[in-house]
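In: my questions are about this predicted structure, shown below with the sequence.
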Amino acid sequence: MADAFISTNLQISGFVVLYWDYFLTLPDEIQYLWRRPISFGAGRFFINRYLSCIANVLVFSYLFFEGHSTVNVTPL
């Protein structure tokens, strides 16, 4: 039970750090990237930044709202 508590808290803290960094750097992103034509590097930046945000929201919602029960796996 303690391992599940630690694991849950670590997942939440990682989520919080990711979005805290996102909101801290958003004004710079708007100033330097959104107001100019999209280059190859800027496109890769946007894909990397927003794909990770979307993926983390999906993982977070699965783990904490759908719930994950323990599954008994039997060897073949």
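Out: Alright, I've got the coordinates. Numbering: from 1, shown residues only.
In: the helices in the chain, which residues?
Out: Using DSSP state H, the helices of the chain run over 2-29, 40-61.
In: now the ones you listed in CSV, with mean neighbour count and mean pLDDT?
Out: All C-beta spots, glycine's among them, are computed from the backbone N, C-alpha and C. Compiled in CSV, the helices of the chain are given as follows (neighbours: other C-beta atoms under 10 Å; pLDDT from 0 to 100):
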stretch, mean neighbour count, mean pLDDT
helix 2-29, 11, 88
helix 40-61, 12, 89
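In: mind listing what the spatially most central residue of the chain touches?
Out: By C-alpha atoms, centre = their mean, the chain has its centre lying nearest to residue 56, at 2.8 Å. By C-beta atoms under 8 Å, 6 or more residues apart in numbering, the contact list for residue 56 reads 15, 18.
In: make 45 the starting number, not 1.
Out: Renumbered: residue one is now 45, and that last one reads residue 100.
In: measure it to residue 84 for me?
Out: Look at residue 100 and residue 84: by C-beta to C-beta, to the nearest Å, they are 25 Å apart.
In: likewise for residue 106?
Out: From residue 106 to residue 84 the distance is 33 Å (C-beta to C-beta).
In: before we move on, what about residue 61?
Out: 28 Å.
In: which phi and psi does residue 82 have?
Out: The phi/psi pair for residue 82 (degrees, to the nearest 10) reads phi -80, psi 120.
In: with adjacent residues omitted, what lies nearest to it?
Out: residue 90 (7.6 Å; C-beta to C-beta, 6 or more residues apart in numbering).
In: re the thing from before, mind checking how far the residue nearest to the centre of the chain is from residue 63?
Out: For residue 100, the distance to residue 63 - C-beta to C-beta - is 8 Å.
In: ditto for residue 53
Out: 16 Å.
In: now residue 50
Out: Distance from residue 50 to residue 63, by C-beta to C-beta: 21 Å.
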